[in-house]
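> A predicted structure for the sequence below; I have some questions about it.
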Amino acid sequence: MKRIGGRKNDQLREVKITRDYTKYAEGSVLIEMGDTKVICNASIEEKVPPFLKNSGTGWITAEYSMLPRATHSRKIRESSKGKLEGRTQEIQRLIGRALRSVIDLKALGERTIWIDCDVIQADGGTRTASITGAFVAMADAVYKVYKSKGLKKMPITSFVSAVSVGIINGEKILDLCYEEDSNAQVDMNIVMTNKGEFVEIQGTGEEFPFTKEELDSLIDLGQIGNRNLIKAQREALGDISKLILGDEVEVVIATSNNHKLTEIGKILSEFNVKVLSLNDLGFKDIKIDETGSTFEENALIKAREVMKRTGKIAIADDSGLMVDILGGRPGIYSARFAGENSTDKQNNEKLLKLLNGYPLEKRSARFVSSIAVVFPDKREFTVKGTCEGKIALTPVGENGFGYDPLFIVDGYDKTFGELSSEVKNKISHRAKAMEKMKVELEKRI
Ligand SMILES: O=c1nc[nH]c2c1ncn2[C@H]1C[C@H](O)[C@@H](COP(=O)(O)OP(=O)(O)OP(=O)(O)O)O1
Ligand SMILES: [Mg+2]
């Protein structure tokens, strides 16, 4: 299926977060998710509703509305009708609940934060955009209180964002625009924190009930979307993010291979970790003997050694190519296939020579990546990812590294040498292992 705007199924629309959008509110944000535009203002009032008086606890409340001409045809103002629609009530309560899940109201003290989300242009996902934008406005407003009232710490405990996901003609897609939303058989709003926790999931398959498997993949999509939204919030908030999230955890990538470093760095970029290389830490040319007999063992050997030397959480990848007709070779010997210190070119040539005469259908192979993570307190774990394909008859493409020009990826009919790094980093053995690694890492830091 081709999506509107040529987006990939797991791709957000362009996200733009503009702070200080209007001048009076303590926090004022314009959030744009593609053509959906919402102004989110956060105002501080130095009092609380009667039921909280003298409790020492603050309050947060949200309102939501749409301008008459935010939609294709003019919609009468709710104020002219004299009452709020059910939908409006439901949305403003949702926004309030989402924000309340990440604020410490005791630490805020006896004051109220008013959130006003006003949709100026609606192209689907206005409630989720409201939550994502309102969080940034709230952070700005709370920061002003934190500064001017000398609070001990920022009373915000996590980031929160929201995104829609849905199913159209059996395909699961992220961040639906209005037209997609109107054609969706299943649609769902997923509100999450930066810790990967869920605050709320609203899902409906009115005429098309959905299965547990479909629910799981929709939630996976929501997770990807929210991670990227939180990354956008983090970038927008700059230094204020640090006050909320604390110092980023530093991890060191235990590899001497710059291509791997770039791939791993990219895949980790949406995570709240600071990625360091051995070079960054002043360790050049660490030579670690890969004496294990499996990918896991070698990955652990590299990660343990680097953790020992740097004292930081170390992440190592041991990877290679397994060719079926060669009984799984070169496997863990992939890097030294044509001899100690052999180049990628020499390794590729040796492989082609060994496969000489075999037709494409006999050249099935897979890339394997084992990733080991070792913590300074000696906790450790490994995860594994694989990627199926075939060995090409000749090298094609300049991208990537290692055996990439020879590896035709199943389902793409192209080598990794031809595919862009964006595509490779979604489907590769390393990407799959990293995806599992992130889940495990999230639990532990
Ligand atoms: O995505 C990949 N695309 C193409 N080739 C790949 C890939 N992933 C692993 N490979 C090949 C390259 C190397 O011949 C061997 C890895 O050997 P491996 O020891 O894990 O890495 P390495 O020595 O280059 O760096 P280091 O050990 O410092 O992490 O498998
Ligand atoms: Mg190596």
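Happy to help now that I have it. Ligands and ions are numbered 1, 2, ... in the order given.
> name the element the nearest residue to residue 128 once chain neighbours are set aside belongs to?
Distances taken as C-beta to C-beta, 6 or more residues apart in numbering place residue 162 nearest to residue 128, at 3.9 Å, with adjacent residues excluded. For every residue, glycine as well, the C-beta is placed using N, CA and C. Here residue 162 sits within strand 160-168, counting by DSSP states H and E.
> export the helix or strand that comes right after that strand to CSV, keeping only CA atoms.
Secondary structure here is assigned by DSSP H and E; on that basis, the next helix or strand after strand 160-168 toward the C-terminus is strand 171-174. Listed in CSV are the C-alpha atoms of strand 171-174, where the atom choice follows Å, rounded to 0.1, in the frame of the first residue of the first chain:
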residue,chain,number,x,y,z
GLU,A,171,-1.7,-3.0,7.0
LYS,A,172,-0.6,-1.5,10.3
ILE,A,173,0.3,2.1,10.1
LEU,A,174,1.6,4.8,12.4
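> please point out which parts of strand 171-174 sit buried.
When burial is assessed from 16 or more other C-beta atoms under 10 Å, strand 171-174 yields the following buried residues: 172-174.
> who does it touch, helix- and strand-wise?
Contacts defined by 3 or more C-beta pairs under 8 Å, 6 or more residues apart in numbering; DSSP states H and E place strand 171-174 against strand 160-168, helix 212-237.
> next, the angle helix 212-237 makes with the shortest one.
Our comparison of strand 160-168 with helix 212-237, counting by axes from the mean of the first three to the mean of the last three C-alpha atoms, to 10 degrees, yields an angle of 140 degrees.
> parallel or antiparallel, which strands does strand 160-168 pair with?
Strand 160-168 has the following sheet partners, assigned by DSSP bridges: strand 171-174 (antiparallel), strand 186-193 (antiparallel).
> now the ones you listed as JSON lines including mean pLDDT?
Written out in JSON lines, the entries for the strands paired with strand 160-168 read as follows (pLDDT from 0 to 100):
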{"stretch": "strand 171-174", "mean pLDDT": "96"}
{"stretch": "strand 186-193", "mean pLDDT": "96"}
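> in a markdown table, list those along with distance to residue 313.
What follows is these, written out as a markdown table (distance: least, C-beta to C-beta, whole Å):
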| stretch | distance to residue 313 |
| --- | --- |
| strand 171-174 | 30 |
| strand 186-193 | 21 |
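> of those strands, which is nearest ligand 1?
Ligand 1 sits nearest to strand 171-174 of all the strands paired with strand 160-168, at 25.4 Å, using C-beta to the nearest ligand atom.
> stretch 246-263: end-to-end distance?
Separation of the first and last residues of stretch 246-263 by C-alpha to C-alpha, to the nearest Å is 26 Å.
> list the buried residues in it.
Along stretch 246-263, the positions that meet the burial threshold by neighbour count (16+ other C-beta under 10 Å) are 251-256, 260-261, 263.
> and stretch 118-137, by the same measure?
Counting neighbours by 16+ other C-beta under 10 Å, the buried set in stretch 118-137 is 118-119, 121-137.
> coming back round to it: export the helices and strands packed on strand 171-174 to TSV and append columns for mean neighbour count, mean pLDDT and distance to residue 47.
Rendered in TSV, the data for the helices and strands packed on strand 171-174 read as follows (neighbours: other C-beta atoms under 10 Å; pLDDT from 0 to 100; distance: least, C-beta to C-beta, whole Å):
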stretch	mean neighbour count	mean pLDDT	distance to residue 47
strand 160-168	26	97	25
helix 212-237	19	95	27
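> looking at the ones you listed, which is nearest to ligand 1?
Between ligand 1 and the helices and strands packed on strand 171-174, the shortest separation by C-beta to the nearest ligand atom is 20.9 Å, and it involves helix 212-237.
> what's the following helix or strand after the closest one?
Per DSSP H and E, helix 212-237 leads on to helix 239-245 as the next helix or strand towards the C-terminus.
> what about the residue positioned nearest the centre of the chain, distance to residue 121?
Per C-alpha atoms, centre = their mean, the C-alpha nearest to the average position across the chain is that of residue 227, at 3.2 Å. Taken as C-beta to C-beta, to the nearest Å, the spacing of residue 227 relative to residue 121 amounts to 26 Å.
> got it, and residue 225?
In this structure, residue 225 lies at 20 Å from residue 121, with C-beta to C-beta as the measure.
> for residue 236, same thing?
Residue 236 sits 20 Å away from residue 121, going by C-beta to C-beta.
> doesn't residue 231 make contact with residue 269?
Yes - between residue 269 and residue 231 there is a contact at 7.5 Å, judged by C-beta atoms under 8 Å.
> picking up where we left off before, of the buried residues of stretch 246-263, which are in range of ligand 1?
Of the entries in the buried residues of stretch 246-263, the ones placed beside ligand 1 under the rule of C-beta under 6 Å from any ligand atom are 255-256, 260.
> check this structure for the residue nearest ligand 1 and tell me.
For the chain and ligand 1, the shortest gap (C-beta to the nearest ligand atom) falls at residue 402, measuring 2.3 Å.
> re earlier: now for the closest residue to the residue nearest to the centre of the chain other than its chain neighbours: which residues touch it?
Spatial nearest neighbour of residue 227, chain neighbours left out: residue 270 (4.7 Å); criterion: C-beta to C-beta, 6+ apart. With contacts taken as C-beta atoms under 8 Å, 6 or more residues apart in numbering, residue 270 has the following neighbours: 227-228, 230-231.
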